[in-house]
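> Dropping a prediction and its sequence here:
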Amino acid sequence: MSVTQEMPEQPADERIHNFEEVALGYTEEQAILEAERCLECKKPKCVEGCPVNIDIPGFVSKMKEGNFEEAIGVIKKTNTLPAVCGRVCPQEEQCEKLCILGKKSEPISIGRLERFCADRERESGVKDPVVAEPTGKKVAIVGTGPAGLTAASDLAKAGYSVTMFEALHEAGGVLIYGIPEFRLPKAIVKEEVGYIMKLGAELKVDYVIGRIKTLDQLEDEFDAVFLGTGAGLPKFMGIEGENLNGVYSANEFLTRVNLMKAYRFPEFDTPIKCGSHVIVVGGGNVAMDAARSALRLGADEVSIVYRRSDEELPARREEIEHAKEEGIVFRLLNNPVRILEGENMSINGVECIKMELGEPDESGRRRPVPVEGSEHVIDADIVIIAIGTSPNPIIFDGSKGLEVTPWGTIVVNEAGMTSLEGVCAGGDAVTGAATVISAMGAGKLAAQTIDDHLSK
Amino acid sequence: MAYKIVEKRQLVPDVHLMNIEAPDVAAAAKAGQFIILRIDEEGERIPLTIADYDTDKGFVTIIFQEMGKTTKQLAKMAAGDELQDFVGPLGKASEIEKIGTVVLVGGGVGIAPVYPQARAYREIGNKVISIIGARNEGLLILEDEMKAVSDELLVATDDGSKGHHGFVTDLVKELLDGDEKIDRIVAIGPPIMMRAVAGVTDPYDVETIVSLNPIMVDGTGMCGGCRVNIAGETKFACVDGPEFNAKDVDFNLLMSRLSLYRKEEMDSLENYKKGCGDDCKCQ
């Protein structure tokens, strides 16, 4: 049984000093070797595992022939952001998990192949896309993260006049403000957004729906609306000391680093405190991103504090491994109880309590239970809270009739339509914080629903 | 996007007024709200409370004081230049209703955001008493404008060069001790002034509102950098405020958090001055 081609990477001791991409991508030779491992199953399981149903054997077979131009064509039929997905999708939980080769050996590295095709196309110049005849109908897209970009792309291709509204000064949502440069170079996101604008979509940045215009007004001005406003509101733990100087939400820390380029201060004006001992609370991809960013900013020691064990860490294995290679300390089965105050409201360590795993909870994971009397102090001068986000309610200001759950997520039917006719929603705004690709899947579904609705 | 500066003038040394062409923002703006601007690609996002807006002409007025690198750089820009970003209106609008007699207190550049509120309170039939203050007469802004929208205008300067010799809080206390029933006080200025006003009004049963301007990045509730402690609860000034009841505000926390990047701010300014040359007016 063949094994997968390993992806070349920047060595850990080098990459912790820069923000350049960690994974370097396959060479052409590697890409073809890896593609040749594909059995091209008649009933490909991998496609079922893909939230946007890319014809995986279809594009891989083109790669075997070295025909990368046609390969990317196959991918782009259903996926607008291949260079992004090839990098940040949790393939091991989706397409690759179902690969038949994985039963006896290792699955095909579908994500790496997708990335290769997208990068090759970008290097050789992206062809202008084909767009359908204008339908004469207008669709507003609120939010330009993965869900919004996907919906915008599909609707623009189908001939709709699409306007994208973005509250920040750059399109891309979490791809721009959240995921660091070393995992997803921003130039790639810019190019993918550029492609969608080539399809004819208009982009209005600095435009806050709920403030400049309400959803009600958008409904009047457009034939349909898609809400892809994400889950942008950071959660805090509610413990003592959380407002001390040097406590960041992961959102703020990462936005300063990624969107505002604080790692290039003072060339860029936005500052950031990197500290010498950084504690990141949480165990997801965002926590890994924050921890690895803090390390690159020059912290002496960066720890992940997570209340469950290694097995339950919600981050992708690849991200956890990368973080470990880079020297991030994992303080598992630990939970912060309070942040200790130092001089001038700064941080002087974090008091944590040891945890043990009890019976499984509703999520099926074993519930962490505090071990009485196990309180101890961990050295820290910067604390980053990465325990999740919830949808941002700003969009609902001044809008009537949009049904939301008690948790603030938007209620939609199986087709992605909200309680308002002609208004669809998808992505983290509906599900709460999830993955880039599931948001893209939801954007795709909503685009189809809007097309059906407007073609009636 | 680019947002043109249509007018720029210096009001007093180091304090400037700019009218920015931003029709969408102007059309939606209300007193009490703020904007975030970014000068260029390398720029930081800074929040400024809206000083005025003209829906017909499509521009928004901002008034700012030269402090750090960004405001120094902004001060050097002229009519015709463009800002890279100008986002707003952000935050909740002031709740301006007819309640009787309202005292509006503005300190330093804080007079700027007080002005549209004074006008709005007066327009709907409130009696407006305004108290404005500065270190000295030469630093006092918008005196004529404030006079035009107030039933009564009181001035305080720290050095006594104009009006009352002392702080705005002295005048607030005099009013509270006087015969006239005061229904609401709105105070906007440096945190230390707002804290002092909150201290003065606390023993009296008069609603006192302040507008907070902590450090923020996005201004839409996303970063949480602007957390403030309001009656023991954490709030985001950008979406829950910027206005809060003065008696609920933890001003010490606010001031401490505002000083978080003091060192970086100094470094950034030094670095900027180095690049400017000695004959530049930012020196």
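Cool, the structure landed.
> What's the separation between the residue of chain A positioned farthest from its centre and chain B?
Largest separation from the mean C-alpha position in chain A: residue A:373, at 38.2 Å (CA atoms, centre = their mean). In this view, residue A:373 and chain B are 29 Å apart by CB to the nearest CB, to the nearest Å. For glycine as for every other residue, the C-beta is placed from the backbone atoms N, C-alpha and C.
> Surely that residue is within a helix?
No: looking at residue A:373 with DSSP: H, G, I helix; E, B strand; the rest coil, it is coil, so not inside a helix.
> ok, it to residue B:239 distance?
Distance check for residue A:373 against residue B:239: by CB to CB, to the nearest Å, it reads 40 Å.
> hang on, residue A:340 in a strand?
Yes: applying three-state DSSP, one finds residue A:340 inside a strand.
> ok, it - how many residues close by?
Applying other CB atoms under 10 Å in any protein chain shown, we find 16 residues neighbouring residue A:340.
> show me what contacts it?
A:241, A:347-351, A:377 (CB atoms under 8 Å, 6 or more residues apart in numbering or on different chains).
> What of residue A:212?
Counting by CB under 8 Å, 6+ apart, residue A:212 has contacts B:24-25, B:27-28, B:88-89.
> which stretches of the stretch 51-200 of chain B form strands?
Assigned strands in the stretch 51-200 of chain B, in chain order: B:52-54, B:59-65, B:82-83, B:85-90, B:101-107, B:127-134, B:152-157, B:164-165, B:184-188 (criterion: DSSP state E, counting those that start in this stretch).
> Out of these, which is closest to residue A:195?
strand B:85-90 (23.2 Å; CB to CB).
> who does the closest one pair up with?
In the sheet, strand B:85-90 lines up against strand B:34-38 (antiparallel) (DSSP bridges).
> Mean confidence (pLDDT) on the strand it pairs with, please.
Averaged across strand B:34-38, pLDDT comes to 97.
> for stretch B:216-229, same thing?
The model assigns stretch B:216-229 a mean pLDDT of 94.
> repeat for stretch A:426-434
Mean pLDDT, computed over stretch A:426-434, is 92.
> likewise stretch A:356-364?
Per-residue scores along stretch A:356-364 average to 86.
> Show me where the stretch 301-450 of chain A has its helices.
In the stretch 301-450 of chain A, the segments counted as helices under DSSP state H, counting those that start in this stretch are A:317-325, A:428-431, A:436-455.
> which one of these lies closest to residue B:51?
Among those, helix A:428-431 sits nearest to residue B:51 (CB to CB), with 34.0 Å.
> How is the chain partitioned into domains?
Just going to use chain A. By the record's domain assignment, chain A is partitioned as A:12-124, A:138-232+A:392-455, A:234-385 (the TED database).
> switch to chain B, that's the one I care about
B:3-90, B:101-259.
> closest one to residue A:293 among those?
Residue A:293 lies closest, by CB to CB, to one member of these: domain B:101-259, at 14.7 Å.
> Run through the chain and note the low-pLDDT ranges.
Picking chain A for this. Along chain A, the model assigns pLDDT under 70 to residues A:1.
> Hmm, no, I was thinking of chain B.
Filtered on pLDDT under 70, chain B yields the residue ranges B:1, B:277-279, B:281-283.
> quick one: the strands in the stretch 151-300 of chain A?
With DSSP E, counting those that start in this stretch applied, the stretch 151-300 of chain A shows strands at A:161-165, A:202-204, A:224-227, A:233-234, A:247-249, A:277-281, listed in chain order.
> Mind listing residues that contact the shortest one?
Contacts made with strand A:233-234 from outside it, assessed by CB under 8 Å, 6+ apart, are listed as A:249-252, A:385, A:389-393, A:408, B:221-224.
> which non-adjacent residue is nearest the residue of the stretch 51-200 of chain A found nearest chain B?
With CB to the nearest CB, the shortest gap between the stretch 51-200 of chain A and chain B falls at residue A:169, namely 4.5 Å. Counting by CB to CB, 6 or more residues apart in numbering or on different chains, residue A:169 lies nearest to residue B:85, which is 4.5 Å off, once chain neighbours are set aside.
> Kindly report the same for residue A:81.
Of all residues not flanking residue A:81 in the chain, residue A:192 sits nearest, at 5.0 Å (CB to CB, 6+ apart).
> wait, what's in contact with the one you found?
A:80-81, A:83-84, A:149.
> what do you get for residue B:28?
A:211-213, B:88-89.
> Get me the contact residues on the stretch 1-150 of chain B for chain A.
B:1, B:24-25, B:27-28, B:38, B:42-45, B:69-70, B:84-90 (CB under 8 Å from any CB of the partner chain).
> Can you turn the buried part of the residues you listed into a ChimeraX selection?
Buried residues among those (16 or more other CB atoms under 10 Å in any protein chain shown), as a ChimeraX selection:
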select /B:24,25,28,38,42,43,44,45,69,70,84,85,86,87,88,89,90
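> Would you pull up the residue in the stretch 1-150 of chain B closest to chain A?
Going by CB to the nearest CB, chain A is nearest to residue B:44 of the stretch 1-150 of chain B, at 3.8 Å.
> do you know which of the helices of the stretch 301-450 of chain A lies nearest chain B?
Nearest of the helices of the stretch 301-450 of chain A (CB to the nearest CB): helix A:428-431, 12.2 Å.
> Show me what the closest one is in contact with.
Here helix A:428-431 has contacts from A:143, A:145, A:147, A:174, A:227-231, A:389, A:391, A:395, A:409-412, A:416, A:434, A:438-439, A:442, using CB under 8 Å, 6+ apart.
> all helices of the stretch 151-283 of chain B, in order?
Per DSSP H, counting those that start in this stretch, the stretch 151-283 of chain B carries helices over the ranges B:168-177, B:191-201, B:237-240, B:251-258, B:262-276.
> For the third one, name the packing helices and strands.
This means helix B:237-240. Here helix B:237-240 touches strand B:227-230, going by 3 or more CB pairs under 8 Å, 6 or more residues apart in numbering or on different chains; DSSP states H and E.
> Pull out the buried residues from the strand it packs on.
B:227-230.
> from these, which are also near chain A?
With CB under 8 Å from any CB as the criterion, the buried residues of strand B:227-230 include B:227, B:229 near chain A.
> Distance-wise, check the residue nearest to residue A:81 relative to residue B:183.
In terms of CB to CB, residue A:192 sits 55 Å off from residue B:183.
> Of the domains of chain A, flag the one that's most buried.
For the domains of chain A, the largest average neighbour count (mean count of other CB atoms under 10 Å in any protein chain shown) is found in domain A:138-232+A:392-455, namely a mean of 22.
> Check chain A for its longest strand and report it.
Determined from DSSP state E, the single longest strand within chain A is strand A:347-360.
> excluding its backbone neighbours, what's nearest residue A:393?
Excluding the flanking residues, the one nearest residue A:393 by CB to CB, 6+ apart is residue A:408, at 5.8 Å.
> you'd agree the one you found is up against residue A:394?
No: counting by CB atoms under 8 Å, residue A:408 does not reach residue A:394; the two are 10.9 Å apart.
> Contacts only, for residue A:14.
Applying CB under 8 Å, 6+ apart, no residues qualify as near residue A:14.
> Under a three-state scheme, what state does it occupy?
The local conformation at residue A:14, judged by three-state DSSP, is helix.
> what's the spacing between residue B:218 and residue B:35?
Note on residue B:218: its distance to residue B:35, by CB to CB, is 13 Å.
> Pick out the residue closest to the middle of chain B.
Among the residues of chain B, the one closest to the centroid is residue B:110, at 3.9 Å (CA atoms, centre = their mean).
> Now do the SS call for residue A:140.
At residue A:140, secondary structure determined by three-state DSSP is strand.
> how far away is the residue lying closest to it once chain neighbours are set aside from chain B?
Leaving aside its sequence neighbours, residue A:140 sits nearest to residue A:222 (CB to CB, 6+ apart; 4.2 Å). For residue A:222, the distance to chain B equals 16 Å [CB to the nearest CB].
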